[in-house]
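Visitor: Let me see the structure of the following:
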Amino acid sequence: MSRVLFSVLCLSLLTDCRAVAPKAPLSVESVPEGRATRLVLHASSGLKVNARLAPALELGNGRVVRFHSDRLTSDSAYFAEPPFALVPDGQRPVHGTLRASVCDSGATVCRAIVLEL
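Guide: Predicted coordinates for the structure are as follows:
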């Protein structure tokens, strides 16, 4: 009897775990701005984007576009508002490899994130 209850409990836990997908740590918003495209980097709730190692997007042609913001935290370690980058020449949609460093709000160690756009 206890084996049956244990099996049912394990099965219900596995089912619940599969139903909840982890949220991506970063998302990128793309907005046309004249001939250029403005990319805005948004961190998930509870995460901060590291400003000391500014996010960078390597485009297919090898060009690197860096993200920035005029507002940083008081220690200049994190962006106080979502960083952005302008990709010139009307490249829409934007394709490339985004590299960024994010930290949990309460932690001092950051982790590297790589996203393919």
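
Visitor: so P83 touches D70, yeah?
Guide: No: in this structure P83 lies outside contact range of D70 using CB atoms under 8 Å: 9.8 Å. From N, CA and C alone the C-beta is placed, and that goes for glycine too.

Visitor: What segments of this protein are helices?
Guide: Counting by DSSP state H, the chain has helices at residues 2-19.

Visitor: quick one: pLDDT of the residue most central in space within it?
Guide: Note on the chain: the residue nearest the mean C-alpha position is L26, at 1.7 Å, using CA atoms, centre = their mean. For L26, the pLDDT comes out at 95.

Visitor: who does it bridge with?
Guide: A43 (DSSP bridges).

Visitor: Go ahead and confirm it touches A43.
Guide: Yes: if you go by CB under 8 Å, L26 and A43 touch, sitting 5.9 Å apart.

Visitor: Determine the residues that are contacts of both of the two.
Guide: Common neighbours of L26 and A43, counting by CB atoms under 8 Å, 6 or more residues apart in numbering, are 49, 102.

Visitor: on that earlier part again, contacting residues around the residue nearest to the centre of the chain?
Guide: Here L26 is in contact with 41-44, 47, 49, 98, 100, 102, 113, 115 (CB under 8 Å, 6+ apart).

Visitor: With E58 instead?
Guide: 64, 96-97, 99.

Visitor: Buried ones from these, can you make that a ChimeraX selection?
Guide: Remark: buried members of the contacts of E58, expressed as a ChimeraX selection using 16 or more other CB atoms under 10 Å:
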select :96,99
